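A.B. asks: here is the input, now give the coordinates:
(chains A and B)
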Number of protein chains: 2
Amino acid sequence: MAINRLTQQIQFIIEIDRLKQILRQTLLIDGSRRENSAEHSWHIAVMAFTLAEYAPEGVDIFHAIKMLLIHDLVEIDAGDTFCYDVQGNHSKAEKETQAALRLFGLLPLDQASELRSLWDEFEAGETATAKFAAALDRIQPLLHNQQTQGGTWRIHGIRRDQVMKRVAPVETGAPELWPFVLQLIEDCVAAEYLKEPAIEIQG
Amino acid sequence: MAINRLTQQIQFIIEIDRLKQILRQTLLIDGSRRENSAEHSWHIAVMAFTLAEYAPEGVDIFHAIKMLLIHDLVEIDAGDTFCYDVQGNHSKAEKETQAALRLFGLLPLDQASELRSLWDEFEAGETATAKFAAALDRIQPLLHNQQTQGGTWRIHGIRRDQVMKRVAPVETGAPELWPFVLQLIEDCVAAEYLKEPAIEIQG
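C.D. replies: The predicted model follows:
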């Protein structure tokens, strides 16, 4: 065993502990506090094998789980950008690319390159596996917002059209789960957890 | 798609959110607060593929990751028992078995049985995969205690012999990592993060 190699791996394991301190906008289901990105990553990884039967052909669940476990690591340096923050999302890509370089770069070269490629695949969202992973990443906060009677949506005055745009990847990434998502949004609008878009009067 | 089946799976996904509120004795690496069992499960799952090259023959890493992601779920009902709490550990098994019945029982029968069998395998610690998973579950708090200058060990006055007993599963579960663990413990004793056992004077 190359000691140097293990030292690098342990350094990475120690460094990623900081993901436990990156707070997302999402609330825990009992509403007691904001969720952090480490426990969120755990939750969607469990979802990946619990909901594996709905994965379209070509999805590799093990690959999806690895992707979900590391997809938020860049937030250690780049922070979590609220998905409805238009301005914040403009500068996000550059900050996250720098973060990926530093964080995955703590690992031996072969592993750094493996994790970078997993993350790139998730970000590009082109493979069946990346699309399925993204779908789960969108469904989980939806459940949290429903269970917290509108949670983040109410705090930030989020509308149905914004949520529809946000969850759109589910339609292609996990089409078998799409009717469930549509119904859940309907229910949330009916319960007034989620606002209808304002109607613009054309003059 | 059977709606009932998906409803059960979603109910399980909602219920396990509570693992994020189960606090372990371990501190985060910056010492700011206690770690919860969901983020701990995430951390060791990432460790499983980062350290996969040290897994003995016969270890299935995907299987190990699933095991690590669900191994603490029973704490939702049974709570986290501090590993050095002798009394607490007597009543632990019965409480955890009840918890497994209820929690995995939220899922459709085939999945309930799959998760129960994953958990049983981890608890029995007989297969190469369960032994490797257990080794990672022991190494992670060791790193946290070293990084927090003795963290939980200092708070509870834990001695080297207690830690040695606790990490013993690494020797068989991940023998390639055993020299690293022994060295880390030596370093922690030298730095006085960890106490030597009291010497008993025979009268």
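
A.B. asks: pLDDT at the residue nearest in space to the middle of chain A, what is it?
C.D. replies: Nearest to the geometric centre of chain A sits A:D137, at 3.9 Å (CA atoms, centre = their mean). With respect to pLDDT, A:D137 scores 98.

A.B. asks: and it, what does it touch?
C.D. replies: Shown in contact with A:D137 (CB atoms under 8 Å, 6 or more residues apart in numbering or on different chains): A:I44, A:L68, A:H71. Quick note: C-beta positions are derived from backbone N, CA and C, even for glycine.

A.B. asks: which of those tops the neighbour count?
C.D. replies: Neighbour counts for those (other CB atoms under 10 Å in any protein chain shown) peak at A:L68, which has 28 neighbours.

A.B. asks: ok, then the element right after the helix or strand of chain A with the lowest mean pLDDT?
C.D. replies: Ranked by mean pLDDT, DSSP states H and E, the weakest helix or strand in chain A is helix A:86-104, scoring a mean of 89. The helix or strand immediately downstream of helix A:86-104 is helix A:109-124, counting by DSSP states H and E.

A.B. asks: just want the angle from whatever helix or strand comes next after that following helix to helix A:109-124.
C.D. replies: Downstream of helix A:109-124, the next assigned helix or strand under DSSP H and E is helix A:128-147. Computed with axes from the mean of the first three to the mean of the last three CA atoms, to 10 degrees, the direction of helix A:128-147 lies at 60 degrees from that of helix A:109-124.

A.B. asks: and the lengthiest strand in chain A, anywhere near chain B?
C.D. replies: Scanning chain A for the longest strand, with DSSP state E as the assignment, gives strand A:23-27. No. Taking CB under 8 Å from any CB of the partner chain as the criterion, strand A:23-27 and chain B are apart, separated by no less than 10.1 Å.

A.B. asks: which residues touch that strand?
C.D. replies: A:33-37, A:40, A:80, A:82-83, A:140-141, A:144-145, A:148, A:151-152, A:155-156.

A.B. asks: how does it look with 7 Å?
C.D. replies: A:R34, A:E35, A:N36, A:S37, A:H40, A:D80, A:F82, A:P141, A:H144, A:T148, A:G151, A:T152 (CB atoms under 7 Å, 6 or more residues apart in numbering or on different chains).

A.B. asks: in the sheet, which strands lie alongside it, parallel or antiparallel?
C.D. replies: With DSSP bridges as the test, strand A:23-27 is paired with strand A:34-36 (antiparallel).

A.B. asks: buried residues in the partner strand, which are they?
C.D. replies: The neighbour-count check on strand A:34-36 (16 or more other CB atoms under 10 Å in any protein chain shown) flags A:E35, A:N36 as buried.

A.B. asks: which strands or helices does the very next helix or strand once past that strand pack on?
C.D. replies: For strand A:34-36, the following helix or strand on the C-terminal side (DSSP H and E) is helix A:37-50. If you count contacts as 3 or more CB pairs under 7 Å, 6 or more residues apart in numbering or on different chains; DSSP states H and E, helix A:37-50 packs onto helix A:61-70, helix A:128-147, helix B:3-15, helix B:37-50, helix B:61-70.

A.B. asks: quick check: mean pLDDT across the first one?
C.D. replies: Per-residue confidence for helix A:61-70 averages out to 98 on the pLDDT scale.

A.B. asks: can it be said to contact chain B?
C.D. replies: Yes. Judged by CB under 7 Å from any CB of the partner chain, helix A:61-70 comes into contact with chain B through A:F62, A:I65, A:K66, A:L69, A:I70.

A.B. asks: need the residues of chain A near chain B, please.
C.D. replies: A:1, A:6, A:9-10, A:12-14, A:16-17, A:20, A:28-29, A:35-36, A:38-39, A:41-43, A:45-47, A:49-51, A:62, A:65-66, A:69-70, A:111, A:143, A:147, A:176, A:180.

A.B. asks: secondary structure class of A:E192, three-state.
C.D. replies: coil (DSSP: H, G, I helix; E, B strand; the rest coil).

A.B. asks: distance check, it against A:W153.
C.D. replies: A:E192 sits 10 Å away from A:W153, going by CB to CB, to the nearest Å.
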